[in-house]
Each structure stands twice: as structure tokens, then as C-alpha cells.
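Student: can't give you the sequence, but here's the structure:
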């Protein structure tokens, strides 16, 4: 397999040579590591989420599209739509907002793997057992999306990312909900109608007949696209081809796919699986599977060798290519309307393109971001310069808070007890908008820094008592210790509550907030409460199948149990943490060795 097929990617992008497009600072939560690629309307960056210490992908809308309200709103809809999806087979959206240059961005899972398209190119034809496993995972992702009233509308092999597990099995993630449609959108008269009958979206090789004709689509359109995807995996080529987009659209609407025995004479596949694929690809939505759950049931039966799948119309009566004049007129009409819409949208954009205003401190801030991984001190100097320029130029408190936050994160990462980091985060928390994921992240940093401030006050209290200080001084220091401890608990609680309101109770961001709360409570020696917080985080990690988080929370719980004298229970969680870590990283990984060393020390202390 060539290097360009195994890519560090999360969405379907064709240019992996980098880009010089500048969109300004994306935000102080993130350290930009490089460019992953560039699509038609957006650029995707590889970045490190500094609070989570996790690599993410950030999709930024290109400058030329930010002034087009409909594209801007559709980009926002993609963020809102996908942020409500939380499933092990879907690449999650964690956050969204605006860069300092006014470009909307979306923070997504960074998925390192191979696309299904790349796997097909390498293997030519997927073995039936491998294909069935991948199909079922995609199906489960679609069930979750459809249950949340979301239609993908651009399902194709290049939008499936595969990661190889230690067991050798492929783990599939569906990506790029960039043209997803919310099924209940039309029921809200107050919402802008971003998808209208007559608009054509998707990739012609996998588009349903109703998509090709610009008609209204529902979940059965995704089922058709999944059928095309399954056909290509099993036959080594898409069900239809053509010399032009128009020819492909016509084939999707009126041409039956070739039977398996004609498309690939060497393929040895079960008759039941062919029936499943053909039923999914029926031209009329009413003749297809009506829900992905029904298709999944048949796929599971095929994998067990117990399927009895009724023959669909396409399977039982392969039809000749009958090009309907009505269909031809319909497609031509919608293509002309779409082309006219594109001209009307692009011409004003070209005529009115002007350079975006550059904020006076943006250059220093950008340099600071770029220097992070090269020279941390130089990066800090640049960010401090940006902050000074912003203050002198009269930047709003919210804009200034973004720079303060970035500096605070940098100082915290260097020293989690840095008093300046505490002052910066406290200031940011006072001025930034609340009820946002960014504010919840700020509160998490603040809670951990308040624990450090509490420890600092406690040490000062001990020194004051040792030197026989006056009662008033001792009382002041005692109150300071208690105040910081109370604030840390309050802010940790608020972070959890805010994220649950923003993304729901079962989400990776919420798992991180429960972890932070557990760390705060553990530092305060409130071990039963800390154990409860870590247990809630573990429950989320289990539901979302996040093995690294599962291993970490098991270790946290083991530490809490040990502190409570519950050594046998602690032993069980230590061993579980080691087992999960080995399955994830392999027995020789440094993280595994560190957990094993800690476990051995635990055994020496208590056994």
C-alpha cells in the first residue's frame, strides 16, 4: 500500500501537501501542529487540544465562503448536527466557533488510519467476513445518526476511516457530515432552510436516485449509498460508471447494477449477501430497506450463515437500461438550476472579495503558536507581546481573554501550580461567555489551579504556625485554604454541568470533566467522592469504547480504593488497567510499564 493511502486524516481531503492559506489564530485551546489537507470549502489542520492533551483535527471554512450566509449557516449546522452524535463508529465533533479572523471552525476527532477506499485499492476485493464486519459497523453508525434525525447524504468509501486493532480486526469510523441533513429541519418555521428540494448534494458514484433528481431525501437515501458502498467493497468497483457526471446520474436513476457473477466472476460470495446489497440499492425508496436496523439484522444473519433474504425487484428481475424522458428532463433541469445558483453565488463573491482586516496583535500571536513545539520560551515571548499589543490597541475584554487563556495554558503545562496561570485563568473566566465548552474548559483549568493555590496557602499557614504568628494572620490563611478548596469544587462541578448541557451526559468531553472533578476531590483527600467521579467517567469511557480513558480511570479508581484501605478491590482495578493498556498499546509500551511499576509498588506495600 502506498504512503498516500495510509494517511493521518479524519475527513475526505485530497491535498496532503500542505497549504499556505492563513485563517488567523484558531483559538488558545489549540496548538497547531500542521495542515492535514484542503477540501473544496475548508482547510483541515492537525492540532493538539491543550486541555485534553489530545491530538484533534480542526476544519476551518475558507475565507472566500465566510461572506456567503448560506454556506456559513450550513457549516454551523454541520458542527451542531455532528456534535450531538456520540458513537464509537462516528468521528465526533467536540467544539466549534470562530477564529479571530472571523472564520468558522469545527474541532473533530483526529483519526489516524486508512480509508476504506484505500483498503479496496490495496485488496481489490474484500473477503466476505472482513466486509461484513465493516458493513455492520457502518450500519450501527447510521442507526445512531438516524435516531438523532441526521442523514449523512455523502456516504462513500473515502468517508470511512479504518483503524487496525491489536486483534487484527478493522474498527470503522464514519466521517464528514459536511452536507448532512437534519430530518426534522422543515418542521421548524423559525430555522433557515439550508437544504431545499432542487438542490443536489453528494458524490454521484454513491448518490440515490432521489438525490440525483434533487428530490426530498430521508434515511433511505443513506441506505442506497450504503448499498453502493457494499457493492464496491465486494466487487472491487462501483456499481455504475460513466464518462461524465451526467452519465452517472442517469445510471443511478435508471440502470440496474450488474449481478455479482457478471461484475466479478472470481468473487465467491453468498447469495444471501447479494440479495441484501440489491435490496439496499432498489431505485424506489419504498422497495428498499426502510430502516438501517432491518438491513443490519440481515447482515448479522448472513455473518452467522442463517440468512433467509427475500429477493428484491432488482435481484429477481434485472432490468435493461431504460432512460425515461421524464427522468432525463428532471436531471437536466436540476443540473441547470444548480449551475445557475453556483454562478449567482460565485460572481458576486469574486466581484466583492476584499482582504480580511488583520488585527494588530494577530501576527505576534500566530508566531507564538507556530513556535510552541520549536522553542517554548520564544513562543511565550511572542504571546506576551501579542497581549501587550492587544492591551494598547484597546482590544475588547473577550479578545484579550483569548490571548490570556493561551498564555495561561502554556504556563500551566509547564507548571500546574503557576500562580500567574491562576490569575490569567481567573480573569478569563470572568469575561468570557458562559454556557460554552470553552468556558467549561476554563473552569477545569481553574479548578486545578485553585487546588494549587490552596496548597500554597496551606504551606504558608504551616509556616505561620511554626513561627508563632498572630491569630489574625493564621485565621486569614486558614480561610484562604478553605476558600480555594471550595472554589475548586464549585468550578469542577460547574464544568461537568455545563458540558452535560452542551453535549449530553455521554460524551468524551463530559468524561474529561468527571476526570477533572475526580482529580480535584482526590487532591482534597475526599476519596469516596473522587471514586464516584472517576466511576462516572469510566462508565462513559465504556459506553463510547474509549480504551485509553478506560485504562486511566481504572487506575484512578484503584488509587482511590487504596487510599480507603480497600486493597483487594484496588488490586482488581490495577489489573484491569494493565490488561486494557496492554491490549491497546502492547506490553512493551512505556505507559504500560509505568502502570505495571505502580502496581508492583502497591503489591509491596500491602501484600
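Tutor: That came through fine. Nothing here was measured: the structure is a model prediction, and the numbers come from that model.

Student: from here on, contacts and neighbour counts on C-alpha atoms
Tutor: Fine.

Student: just how off-centre is stretch 461-480 within its chain?
Tutor: How far stretch 461-480 lies from its chain's middle: 49 Å, per Cα atoms, centre = their mean, to the nearest Å.

Student: average pLDDT for it?
Tutor: Stretch 461-480 shows a mean pLDDT of 93.

Student: now do the same contact list for residue 509.
Tutor: 94, 499 (Cα atoms under 8 Å, 6 or more residues apart in numbering).

Student: name the SS class of it, please.
Tutor: helix (DSSP: H, G, I helix; E, B strand; the rest coil).

Student: if I look at it, how far off is residue 559?
Tutor: 23 Å (Cα to Cα, to the nearest Å).

Student: and what of residue 576?
Tutor: 13 Å.

Student: who has more neighbours, those two?
Tutor: Higher neighbour count among residue 576 and residue 559: residue 559, with 23 against 17, using other Cα atoms under 10 Å.

Student: and the closest residue in space to the more buried one that isn't next to it in sequence, what element?
Tutor: Nearest residue to residue 559, sequence neighbours excluded (Cα to Cα, 6 or more residues apart in numbering): residue 570, at 6.9 Å. Element membership of residue 570, judged by DSSP states H and E, is helix 567-585.

Student: mind giving me the packing neighbours of that helix?
Tutor: Under the contact definition 3 or more Cα pairs under 8 Å, 6 or more residues apart in numbering; DSSP states H and E, helix 567-585 sits against helix 547-563, helix 590-606.

Student: show me what contacts the nearest residue to residue 165 once chain neighbours are set aside?
Tutor: If the residues on either side of it in the chain are set aside, residue 165 comes closest to residue 171, at 6.8 Å by Cα to Cα, 6+ apart. Counting by Cα under 8 Å, 6+ apart, residue 171 touches 89, 134, 137, 162-165.

Student: list buried residues within those residues.
Tutor: Using 16 or more other Cα atoms under 10 Å as the burial test, the contacts of residue 171 include 89, 134, 137, 162-163 as buried.

Student: export these to a markdown table and tack on secondary structure?
Tutor: Supplementary listing: the buried ones among the contacts of residue 171 in a markdown table, determined by three-state DSSP:
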| residue | secondary structure |
| --- | --- |
| 89 | coil |
| 134 | helix |
| 137 | helix |
| 162 | strand |
| 163 | strand |
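
Student: do a quick rundown of the strands in the chain.
Tutor: 6-8, 30-38, 42-49, 54-61, 93-98, 104-109, 112-115, 150-151, 160-164, 170-174, 181-182 (DSSP state E).

Student: will you turn those into TSV that also has mean pLDDT and distance to residue 230?
Tutor: Below are the strands of the chain laid out as TSV (pLDDT from 0 to 100; distance: least, Cα to Cα, whole Å):
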stretch	mean pLDDT	distance to residue 230
strand 6-8	31	21
strand 30-38	80	27
strand 42-49	82	28
strand 54-61	84	28
strand 93-98	74	26
strand 104-109	81	25
strand 112-115	86	14
strand 150-151	86	18
strand 160-164	91	12
strand 170-174	93	14
strand 181-182	48	22
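
Student: do you know which of these lies nearest residue 281?
Tutor: strand 150-151 (16.7 Å; Cα to Cα).

Student: just checking, what packs against the top helix by length along the chain?
Tutor: For the chain, the longest helix by residue count, based on DSSP state H, is helix 471-503. On a contact count with 3+ Cα pairs under 8 Å, 6+ apart, helix 471-503 meets helix 437-466, helix 508-523.

Student: give me whichever of those helices is most buried.
Tutor: Of all these, helix 508-523 has the most neighbours on average by mean count of other Cα atoms under 10 Å, namely a mean of 25.

Student: avg pLDDT for it?
Tutor: Mean predicted confidence for helix 508-523 is 92.

Student: what do you get for stretch 268-283?
Tutor: On average, stretch 268-283 scores 92.

Student: for the residue in the chain sticking out farthest from the centre, what are its contacts?
Tutor: Each residue of the chain has a distance to the centre, and by Cα atoms, centre = their mean the biggest one is for residue 468: 56.0 Å. Contact analysis of residue 468 by Cα under 8 Å, 6+ apart lists nothing.
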